[in-house]
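Participant: what's the 3D shape of this:
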Amino acid sequence: MAKEQRGKRVPPELVEFGKVLRQLREHYGLSQHELARRSGVPYHTIHRLEAGQIPKPAFDDLARLARFFGIDLVAMGVLLGLWEPEEVPAGLDPELHQHLEQLRNLARQLSPEDQHTLAIQLRPIVSYWSPEKSALPDWFLELISPRKERR
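Facilitator: Next up, the predicted model:
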């Protein structure tokens, strides 16, 4: 669910970005103050980004963070959900690419439980087309395993 900040809805991608930013910062052993000093992004902005409280971050701040962490700005935009990659990956049929994009967009609208159900339903398809075939696919093993108690 998206957070609210003074009546403005923060998109889930930005909330997720805040988590990724915190993980990156911690990976490099930096405090929020140190990241602010070294990247040129104000401390309060870093704090609010990590907390998922900025509905529309400033492009300059994102560019500074991308440059500091060595992340391509286009990749940062995709991570933030600001835009989708438009290129069809080399060797991928455009129609298949379109169907995969539609599936991804539909999956984003599903509840976590429905996403899990969809993942289970897709396992046989992935297993069928996978070059590495196991004796029994995961979906089948899950199907025959004892049911866990539902809460």
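
Participant: from memory Val41 sits against Leu35, does it?
Facilitator: Yes - at 7.3 Å, Val41 counts as touching Leu35 under the criterion of CB atoms under 8 Å. All C-beta spots, glycine's among them, are computed from the backbone N, C-alpha and C.

Participant: shared neighbours, those two?
Facilitator: Listed contacts common to Val41 and Leu35 are Phe68; contacts here mean CB atoms under 8 Å, 6 or more residues apart in numbering.

Participant: now the longest helix along the chain: mean pLDDT?
Facilitator: Using DSSP state H, we find that the single longest helix of the chain is helix 112-129. Taken as a whole, helix 112-129 has an average pLDDT of 77.

Participant: show me what it is packed up against.
Facilitator: With contacts defined as 3 or more CB pairs under 8 Å, 6 or more residues apart in numbering; DSSP states H and E, the secondary structure elements packing on helix 112-129 are helix 138-144.

Participant: after the helix or strand hosting Arg9, heading C-terminal, what element do we hit next?
Facilitator: Per DSSP states H and E, Arg9 falls inside strand 8-10. As assigned by DSSP H and E, the chain's next helix or strand after strand 8-10 is helix 12-27.

Participant: what is the subsequent helix or strand relative to that next one?
Facilitator: helix 32-39.

Participant: how about that following helix: buried residues?
Facilitator: Within helix 32-39, the residues scored as buried using 16 or more other CB atoms under 10 Å are Gln32, Leu35, Ala36, Ser39.

Participant: now do stretch 91-98
Facilitator: Neighbour counts over stretch 91-98 (16+ other CB under 10 Å) mark no residue as buried.
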